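Novice: Give me the fold of what follows.
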Amino acid sequence: MTDMVNHPPHYTRGGIECIAAIKAALTPEEWRGLLKGQVIKYLWRERHKGGQEDCRKARFYLDRLLAEEPLPPPQSIVGRGRKRRNAQPGRFVKRRTKR
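Specialist: You can find the predicted model right below:
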């Protein structure tokens, strides 16, 4: 019997699975985003299209996401801006405008 969730034949042509090629083309952050999007997609449409098979597909992508190495937390961008002279905390600095 063909496994339409884990190894559908229409995605395994040419000796490499499509999902492996996609992963190779993406950064780790992009790959995790794709996996999350696929989980959402299959759960979203479950009642209207694929039923239990869509739930199994969502689990397939969620299992792949859980198997990935966690990414480090994003660096904060707060406080990276250029400081203005005469700026006081909590007060706005009025800029001069040309006339």
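
Novice: Check what contacts stretch 19-37 and list those residues.
Specialist: For stretch 19-37, contacts defined as C-beta atoms under 8 Å, 6 or more residues apart in numbering pick out 11, 61, 62, 64, 65, 68, 69, 71. Every residue, glycine included, has its C-beta placed from N, CA and C.

Novice: Could you rerun that using 7 Å?
Specialist: For stretch 19-37, the external contacting residues (C-beta atoms under 7 Å, 6 or more residues apart in numbering) are 11, 61, 64, 65, 68, 71.

Novice: Neighbours of the fifth one, how many?
Specialist: Spelled out, that is residue 68. The number of residues packed near residue 68 is 12, by other C-beta atoms under 10 Å.

Novice: can you tell me which residues contact it?
Specialist: Per C-beta under 7 Å, 6+ apart, neighbours of residue 68: residue 32.
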